[in-house]
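A.B. asks: Any chance you can model this:
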Amino acid sequence: MDAGHKFQVRKLEILDKSKGFIELLQQLTICDSVSDKEFEERFQEINSFGDDHLICVIEDDHSGKIIATGSVFIEKKFLRNCGKVGHIEDVVVDSAARGMQLGKKIIEFLTDHAHSMGCYKVILDCSLENKAFYEKCGYSQKEVQMVKYFV
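C.D. replies: The predicted structure is shown next:
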C-alpha cells in the first residue's frame with residue numbers, strides 16, 4: 001500500500017459486508033459467517049441507536065476493501081450527574097495494513113465521537129500485547145477486566 005492512499009474514517013455502510021467487513025472481524029476473534037439478511041437486520045438495529053452506537057471503518061480506496069474498523073457505544077448512567085461513558089469495542093486493522101497508523105485513526109475517531117456525545121470517560125478492554133498501542137493513543141491501564149462467557 002502506497003502513500004497515495006487517503007484512508008478516511010467513515011461510518012459503516014450496508015454495502016461494507018461485500019467489502020470484507022466480516023472477514024476483517026474474523027482477524028480479531030471468533031466471527032462466524034453472517035448472511036446478507038442477518039447483516040442487514042443487525043445493521044438496521046445498530047443504526048436505530050443513532051449516535052449512541054457507532055461503527056466506523058477505513059476503506060482502502062484502491063482495493064475497495066475494508067481494512068480497519070472499530071465501534072463505540074454510549075452508556076447512559078445515573079452516576080456523575082447522569083453522565084455518559086463511551087465503550088470502545090472490536091478494533092481491528094487488517095494484518096496487511098498494520099503499521100500505517102490506521103488503528104490510531106480509528107481510536108481517535110471513536111474517542112472524539114464519545115467526547116462529542118458528552119462522555120466523561122471512554123473505556124476499552126485489550127490484550128497485554130496491545131497495551132502499549134493504547135497507551136500511545138492516550139489511554140492508561142485501570143483496574144482488571146472480568147468476563148463470564150455463555151456458550
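A.B. asks: Could you use CA atoms for every contact and neighbour count after this?
C.D. replies: Will do.
A.B. asks: My guess is residue 66 contacts residue 16. True?
C.D. replies: Yes - in this structure residue 66 lies within contact range of residue 16 using Cα atoms under 8 Å: 7.1 Å.
A.B. asks: Please name the nearest non-neighbouring residue to the spatially most central residue of the chain.
C.D. replies: Nearest to the mean C-alpha position of the chain, counting by Cα atoms, centre = their mean, stands residue 70 at 1.1 Å. Across the structure, with Cα to Cα, 6 or more residues apart in numbering as the measure, the residue nearest residue 70 apart from its sequence neighbours is residue 91 (4.0 Å).
A.B. asks: Give the pairing partners of the strand or helix carrying that neighbour; include direction for each.
C.D. replies: Counting by DSSP states H and E, the secondary-structure element that holds residue 91 is strand 84-93. On the basis of DSSP bridges, the sheet neighbours of strand 84-93 come out as strand 66-76 (antiparallel), strand 119-124 (parallel).
A.B. asks: Highest mean neighbour count out of those strands?
C.D. replies: Among the strands paired with strand 84-93, the stretch with the highest mean neighbour count (mean count of other Cα atoms under 10 Å) is strand 66-76, at a mean of 22.
A.B. asks: quick revisit: any chance of the strands paired with strand 84-93 in TSV, plus mean pLDDT and distance to residue 59?
C.D. replies: Formatted as TSV, the entries for those read as follows, by pLDDT from 0 to 100; distance: least, Cα to Cα, whole Å:
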stretch	mean pLDDT	distance to residue 59
strand 66-76	98	4
strand 119-124	97	23
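A.B. asks: Switch these over to TSV; also include distance to residue 42.
C.D. replies: Conversion of the strands paired with strand 84-93 to TSV gives the following (distance: least, Cα to Cα, whole Å):
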stretch	distance to residue 42
strand 66-76	14
strand 119-124	22
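A.B. asks: Which one of those strands lies nearest to residue 38?
C.D. replies: Within the strands paired with strand 84-93, the stretch nearest residue 38 is strand 66-76; the backing value is 18.5 Å (Cα to Cα).
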